[in-house]
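Undergrad: I would like to see how this sequence folds:
(one chain, ligands or ions: 1)
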Amino acid sequence: MDTFKAYLLEKAGDAASGAVKELSMDRLPQGEVTIRVHYSSVNYKDGLAALPVSPIVKSYPFIPGIDLAGVVEHSEADGFSPGDPVLVTGYELGVTHYGGFSQYARVPASWVVPLPEGLTMLEAMALGTAGFTAALSLAALERNGLQPGDRTAPVLVTGATGGVGSVAVSLLAASGYRVTASTGKASEHDYLRQLGADSIIGRDELRPADGKPLRRELWAGAIDPVGGEALAYTLGTIRYGGAAAVSGLTGGAAFAATVYPFILRGVSLLGIDSVGCPMAVRQEVWSKLASVWKPISYLNAGWRMIGLPALPEALERIQKGQLRGRVIVKLWDDI
Ligand SMILES: NC(=O)c1ccc[n+]([C@@H]2O[C@H](COP(=O)([O-])OP(=O)(O)OC[C@H]3O[C@@H](n4cnc5c(N)ncnc54)[C@H](OP(=O)(O)O)[C@@H]3O)[C@@H](O)[C@H]2O)c1
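TA: Sure thing, here's the model as predicted:
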């Protein structure tokens, strides 16, 4: 293994572009654990990393990919041995540190999660950062008092056909909740029902023109990877004592809201971060995803597999909000 293939972003003038390149092993960054990557996956952040002028990548050449699952090839750290199946998501992977769109990766041992029993490497990447974020969101809602199996009011999921949204719908349905999925894609209602959505609403319904701060209490809680203006409506329609777990910004970073949902209904806004999430929480949530929370309807329906050469098209589609579910990148022909 003197060389390996990777999707390399390089800059020419002011713009960066990517291509599959053959690199020598000494191009890998510092780290105690070298991993033969079997699978990675395509996330919204990877789409941002691959833009010609990227808000994510600061230094080129660069290998993006914020997720990977593979087998330890070499370890200088206690606790990991050659052959161990592992996964890495978040931290600086695919942001400042060469990422998962690569047949080999080298990372600090403190980033590496042993693959939990009950999950294959393929399933781990079908979930990836998006699935992990959906699970962190559910954990936060349950810490706030949402009771598993509570069917008295639905939980709202925004951006429901996206990576975080798809897994959230499946996870919630598997845990016995009623789920209302919000989507901008009229063509994907069957897919959302297959994942377990009980009802579906259009994305525009979350942005009524009158801007009222409080409305009828509709949701037991919300998993919101979209953010933006619709979040004000969401907060104003969550029932007394409920919460919105907010992880993303595909609908925009800013939103204008009032304090009324907080001070009159005790509604909470819960921030979700998968990147710097402590290792103990990481391991606990991954092991739930491998067992009691395993989102079977999503794993049976929600993903597509590609090789490195098809990455540019997938990255462009996620930049435009056009992907359905998740795209897995398979790094070797023989796995
Ligand atoms: N906090 C964290 O740790 C963390 C982790 C993972 C992801 N994220 C963030 O979460 C967000 C979603 O990530 P993802 O991987 O699920 O992305 P994704 O697969 O691209 O899904 C995003 C979904 O948002 C909806 N959407 C797209 N453009 C929109 C617009 N202009 N207005 C409203 N909705 C729009 C679409 O769903 P519909 O067509 O179904 O409406 C789209 O499928 C991103 O902002 C990402 O950076 C954060």
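
Undergrad: and the stretch 101-250 of the chain, which of its residues are near the ligand?
TA: 129-130, 133, 159-165, 183-185, 203, 225-226, 247-250 (CB under 6 Å from any ligand atom). For the C-beta atoms, the positions are set from N, CA and C on the backbone; glycine is no exception.

Undergrad: Quick check: phi and psi at the spatially closest residue to A77 that is not a sequence neighbour.
TA: Nearest non-adjacent residue to A77, counting by CB to CB, 6 or more residues apart in numbering: A109, 3.4 Å away. Main-chain torsions, A109, degrees, to the nearest 10: phi -60, psi -30.

Undergrad: Help me confirm that A109 comes into contact with H74.
TA: No: contact criterion CB atoms under 8 Å: A109 and H74 do not qualify, at 11.6 Å.

Undergrad: So the residue most central in space within the chain, which state does it fall into?
TA: By CA atoms, centre = their mean, the mean C-alpha position of the chain lies nearest to A130, the distance being 1.3 Å. Assigned by DSSP: H, G, I helix; E, B strand; the rest coil, the conformation of A130 is helix.

Undergrad: got a list of what it touches?
TA: S41, N43, G162, G163, V164, S166, V167, R326 (CB atoms under 8 Å, 6 or more residues apart in numbering).

Undergrad: What is the burial count for the second one?
TA: Going back to what we said before, that points to N43. 29 (other CB atoms under 10 Å).

Undergrad: That one and the ligand, how far apart?
TA: 5 Å (CB to the nearest ligand atom, to the nearest Å).

Undergrad: Wait, that residue touches I318, no?
TA: Yes: the pair N43 / I318 is scored as a contact, 7.3 Å apart, by CB under 8 Å.

Undergrad: and the closest residue in space to W111 that isn't next to it in sequence, what is it in contact with?
TA: Of all residues not flanking W111 in the chain, Y91 sits nearest, at 4.7 Å (CB to CB, 6+ apart). By CB under 8 Å, 6+ apart, the contact set of Y91 is H97, V107, P108, W111, V275, G276.

Undergrad: Looking at the residues you listed, which are in helices?
TA: Among those, no member falls in helices (DSSP state H).

Undergrad: Out of the residues you listed, who's the most crowded?
TA: V107 (25 neighbours).

Undergrad: hang on, the earlier thing: got a pLDDT number for the closest residue to the residue nearest to the centre of the chain other than its chain neighbours?
TA: Spatial nearest neighbour of A130, chain neighbours left out: G163 (3.0 Å); criterion: CB to CB, 6+ apart. Looking at G163, its pLDDT is 91.

Undergrad: Show me what A244 is bridged to.
TA: A222, L269 (DSSP bridges).
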